[in-house]
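>>> Sequence first, then the predicted structure, then my questions.
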Amino acid sequence: MAAQPTMLALQQADPNDAAFLRKLLSNTPSTGDQSDKSSLLQGVHIVRNCGGVTGTLHLAAQEINHALSQLSVVPPSPSTTALAQLAHFTLQRQQ
Amino acid sequence: MKTKQTRDPEATTRRRILRLTTTRIKGFVPFLLPIPLQTPSYLTVQRERIVTPCKSLSKMRRQTYQPESISFHDIIAPVHADFAAVDAMIQASLQSDVPLIAEINAYLINSGGKRLRPLIALLCGQVMGSADDARQHKLATAVEFLHNATLLHDDVVDSSNLRRGRKTTHTVWGNATSILVGDFLISRSLQLLTQIDSMPILRVFAETTNLIAEGEVLQLLHCKNPETSLAQYQEVIKRKTAAMFEAAARGAAMIANASPPTVETVSAYALHLGNAFQMIDDALDYGSSTDDAGFTTG
């Protein structure tokens, strides 16, 4: 299924880029040959340029924020702090 | 010292991602951390980061926790001994009379995962003051096995060739073996969960595994559908990823005999964390660098 970065990009993309992304999603290339790889790279480029990655990280940050707000009613302890740190660590995660 | 920090690309990337939590992103609503009435110290730091001029930051950094310097080792620290005990239980529980099962499990389980779900269970149990270590360890181990079973099955369904930089299990041993060993892990986790001897906890995991299975089918239904809505996507990630985070926290709080509202609170924490985890996972699929956010290439 289309992941969130692509969905957000589809909302911002111009008609040509949106059509390209929809076609790519409907018929995901196998990456078996050079033209498939080229299409995928172009799709990734469009998603990133249209703010799909930024928007997804932003929504993830909101989820982290909701998680942290739950901890405000949990008794303070080293483990409570560790849970908050885990939330921030998740947001900072890199490949 | 200051110059050294600005030149460190990793530190720069971390700072820029952290900035996402406190600043406006183009095209999206402004976002600030909501500050509850009873603010714990780590959230107070966040509030001060937003409103306090830089001259106060050095003082705050000396006083309290700084998000920019988090290491996984620090997070584990409060439950370090339990974490090691769970790791030992995982290794012991992988044993089987059938050699291939043990071999594949060792390949999968020791492939470098961080054991986030067991960690959530252990931390939530300790937050609630749980003294029942043996049952908490069994819960944490069962959660890790269930998670790994879903990985085995997922990789077959998605035809994934690599996981954590290594060949996937089905690539090495074939689809049938992967599916069957995944089933073994599910049944081993059920053995552990029944040893906890709590019907309510067993019910939580029965419902959770059902949600995960539905989430996977839902994802399959939306496969190659460019018109999938954000709401549908969020429902899928809640079921296939966040539900297991939630079950880990809920089960641990229940073993600790936490009050029902507290069980709900830590469960909600874990659910939101799981949602964020999957979203970030999906963002990382588009490259470790996020130039459109102004980040440094990783």
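Yes, it's here.
>>> Can you pull out the low-pLDDT segments for the chain?
Unless you meant another one, I'm taking chain A. Along chain A, the parts satisfying pLDDT under 70 run over A:1, A:28-35, A:94-95.
>>> could you do chain B instead?
Using pLDDT under 70, the flagged stretches of chain B are B:1-69, B:288-298.
>>> OK, contacts around the residue nearest the centre of it?
For chain B, residue B:116 is the residue whose C-alpha lies nearest the centre (C-alpha atoms, centre = their mean; 4.6 Å). Residues in contact with residue B:116, defined by C-beta atoms under 8 Å, 6 or more residues apart in numbering or on different chains, are A:86, B:245, B:277. Yep, even glycine has a C-beta here, placed from its N, CA and C like the rest.
>>> near chain B at all, the helix ranked longest in chain A?
Looking across chain A with DSSP state H, the single longest helix is helix A:52-71. Yes. Using C-beta under 8 Å from any C-beta of the partner chain, helix A:52-71 comes into contact with chain B via A:52-71.
>>> From what I see, residue B:181 and residue B:104 are in contact.
Yes. Counting by C-beta atoms under 8 Å, residue B:181 does reach residue B:104; the two are 4.8 Å apart.
>>> Now the common contact residues for these two.
With C-beta under 8 Å, 6+ apart as the test, residue B:181 and residue B:104 both reach B:169, B:173.
>>> Just want to know which of those two has more residues nearby.
A count of neighbours by other C-beta atoms under 10 Å in any protein chain shown puts residue B:181 above the other of residue B:181 and residue B:104, at 27 against 24.
>>> contacting residues around the more buried one?
B:100, B:101, B:104, B:105, B:108, B:152, B:169, B:173.
>>> Which parts of the helix or strand where it lies count as buried, going by neighbours?
Using DSSP states H and E, residue B:181 maps to helix B:175-195. In terms of neighbour count (16 or more other C-beta atoms under 10 Å in any protein chain shown), helix B:175-195 has its buried residues at B:175, B:177-182, B:184-186, B:188-190, B:192-193.
>>> Ok, stretch A:87-95 next?
So for stretch A:87-95, counting by 16+ other C-beta under 10 Å, buried means A:87, A:88, A:89, A:90, A:91, A:92, A:93.
>>> Filtering those by proximity to chain B, which remain?
A:87, A:88, A:89, A:90, A:91, A:92, A:93.
>>> Just the element for residue B:237, please.
helix B:230-237.
>>> Give me the next element, helix or strand, following that helix.
Past helix B:230-237, the next helix or strand by DSSP H and E is helix B:243-255.
>>> now that following helix and helix A:52-71, what's the angle there?
Put simply, helix B:243-255 runs at 10 degrees to helix A:52-71, going by axes from the mean of the first three to the mean of the last three C-alpha atoms, to 10 degrees.
>>> Enumerate the positions of helix B:243-255 that are buried.
Here helix B:243-255 shows B:243-255 as buried, counting by 16+ other C-beta under 10 Å.
>>> ok, back up a step: looking at the ones next to chain B among the buried residues of stretch A:87-95, which are in strands?
Per DSSP state E, strands hold no members of these.
>>> With distance to residue B:90 as new columns, can those be given to me in CSV?
What follows is these, written out as CSV (distance: C-beta to C-beta, whole Å):
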residue, distance to residue B:90
A:87, 24
A:88, 26
A:89, 21
A:90, 22
A:91, 27
A:92, 26
A:93, 22
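>>> out of those residues, which are inside helices?
Those of these lying in helices (DSSP H): A:87, A:88, A:89, A:90, A:91, A:92.
>>> Residue numbers of the stretch 101-250 of chain B in contact with chain A?
Looking at chain A, the residues of the stretch 101-250 of chain B close enough under C-beta under 8 Å from any C-beta are B:116, B:119-120, B:123-124, B:126-127, B:219, B:222-226, B:228-230, B:232-233, B:236.
>>> Please check the residues you listed and keep the buried ones.
Buried, going by 16+ other C-beta under 10 Å: B:116, B:119-120, B:123-124, B:126-127, B:219, B:222, B:226, B:228, B:232-233, B:236, out of those.
>>> Of these, which pair is most distant in space?
B:126 and B:226 (44.9 Å; C-beta to C-beta).
>>> centroid residue for chain A?
residue A:56 (3.8 Å).
>>> Help me confirm that it comes into contact with residue A:4.
Yes. Shown here, residue A:56 and residue A:4 form a contact pair, counting by C-beta under 8 Å, at 4.8 Å.
>>> Now for those two: what residues contact both?
B:279, B:282, B:283.
>>> Among the residues you listed, which ones lie close to chain A?
Among those, chain A is touched by B:279, B:282, B:283 when using C-beta under 8 Å from any C-beta.
>>> Then the last one would be within a strand, right?
Going back to what we said before, that points to residue B:283. No. Using DSSP: H, G, I helix; E, B strand; the rest coil, the assignment for residue B:283 is helix, not a strand.
>>> excluding its backbone neighbours, what's nearest it?
residue A:56 (4.3 Å; C-beta to C-beta, 6 or more residues apart in numbering or on different chains).
>>> Restricted to helices, list the residues of the stretch 101-250 of chain B next to chain A.
Those of those lying in helices (DSSP H): B:116, B:119, B:120, B:123, B:124, B:126, B:127, B:219, B:230, B:232, B:233, B:236.
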